[in-house]
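Peer 1: could you work out the structure for the sequence below:
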Amino acid sequence: MKAAILQMTSGIDPLANARALADGIAQAAARGAAMLFTPEMSGLLDRKRERAAANIAAEGDDRVLAAVREAAAKHGLWVHLGSLALKGEADGRFVNRGFVIDGAGEVRARYDKLHLFDVDLPTGERWRESDAYAPGAGAAVVATPLGKLGLAICYDLRFPDLFRALTDAGATLLSVPAAFTRPTGAAHWHVLLRARAIEAGVHVIAAAQTGEHEDGRATYGHSLAIDPWGEVLLDMGEGAGLGFAEIDPSRVTDVRSRVPALAHRRAIPPVEIVT
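Peer 2: Next comes the predicted model:
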């Protein structure tokens, strides 16, 4: 079955991003894809919080989500909308929320990014994603035409316990939409995504932001599709656009029969600390 990946250079205008998403859905459907995957922050990528806040709506009012649902229904295509910045329901902070939308335009699953990036760098730079965004409170696996899909977003990639939970819950395919920086992307993107595939014998699809963005940031690109043996089926490099990969669900069974690591998982006992 054919998976499509839309590698984007999302900007600060949600309506322009919505048009790019709708066009990508139309093209993916026309070329026979069973499902399309889009990056983190597909609808808005803007690190200037005051300006971004004017374009962030509640889920029920979000124009990008509405446009994607409409296009999915029009073309009969399943879409993993990697994530959108949305108004949260609790403490006034936003949420970074991904959606799985079926070919009738209905939302089948939601996932709020669980791990948030807070760091003080030796250079003096300070990043506090949690200042603006609330973390998610749960994980999700959803049945799709390509298999049981486990959802994650960007920084989640560095936390293998999440992926263990997803594959323990039956996931045969993992999606990791992202907006990786160029330095961390060059150092860690390929190796971490291949590791997640190899650990559990699953396909991994990672749709990424790429290039120079209107808000001044630069992202790594290299959207990937990886098979359960860790082989890279697709690497989209740095150009925006559509890519395609063939996903064979039987490959999961084949690899897991050769390396039955999932069947050998055990609860880890308390660690003895010896001084």
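Peer 1: correct me if wrong: Asp112 contacts Phe94.
Peer 2: No - using Cβ atoms under 8 Å, Asp112 makes no contact with Phe94, being 10.1 Å away. Where you see a C-beta, it was placed from the backbone N, CA and C, and this is true even at glycine.
Peer 1: tell me, what's touching the two both at once?
Peer 2: Ala134 (Cβ atoms under 8 Å, 6 or more residues apart in numbering).
Peer 1: in this structure, where's the longest strand?
Peer 2: In the chain, taking DSSP state E as the definition, the longest strand is strand 78-87.
Peer 1: mind giving me the packing neighbours of that strand?
Peer 2: Where contact means 3 or more Cβ pairs under 8 Å, 6 or more residues apart in numbering; DSSP states H and E, strand 78-87 is packed against strand 35-37, helix 63-75, strand 94-101.
Peer 1: for it, buried residues please.
Peer 2: Trp78, Val79, His80, Leu81, Gly82, Ser83, Leu84, Ala85, Leu86, Lys87 (16 or more other Cβ atoms under 10 Å).
Peer 1: quick one: strands adjacent to the lowest-mean-pLDDT helix or strand in the chain?
Peer 2: Using mean pLDDT, DSSP states H and E, the weakest-scoring helix or strand in the chain turns out to be strand 126-128, at a mean of 76. According to DSSP bridges, strand 126-128 forms sheet pairs with strand 118-120 (antiparallel).
Peer 1: quick one: average pLDDT of the strand it pairs with?
Peer 2: On average, the pLDDT along strand 118-120 is 82.
Peer 1: now swap in stretch 133-150 and tell me
Peer 2: Mean predicted confidence for stretch 133-150 is 97.
Peer 1: for stretch 253-260, same thing?
Peer 2: 96.
Peer 1: just the strands in the stretch 101-250 of the chain please.
Peer 2: 107-112, 118-120, 126-128, 141-144, 147-151, 173-175, 203-206, 210-212, 218-220, 224-226, 232-235, 241-246 (DSSP state E, counting those that start in this stretch).
Peer 1: who are the packing partners of the fourth one?
Peer 2: Using 3+ Cβ pairs under 8 Å, 6+ apart, the elements in contact with strand 141-144 are strand 107-112, strand 147-151.
Peer 1: buried set for stretch 64-78?
Peer 2: In stretch 64-78, counting by 16+ other Cβ under 10 Å, buried: Val64, Leu65, Ala67, Val68, Arg69, Ala71, Ala72, Ala73, His75, Leu77, Trp78.
Peer 1: for stretch 207-221, that is, sorry about that
Peer 2: By neighbour count on 16+ other Cβ under 10 Å, the buried set for stretch 207-221 is Ala207, Ala208, Gln209, Thr210, Gly211, His213, Thr219, Tyr220, Gly221.
Peer 1: could you list which residues are in contact with the third one?
Peer 2: Same thing as Gln209. 7-10, 39-41, 45, 178-180, 219-221.
Peer 1: ok, Tyr133 - how many residues close by?
Peer 2: 20 (other Cβ atoms under 10 Å).
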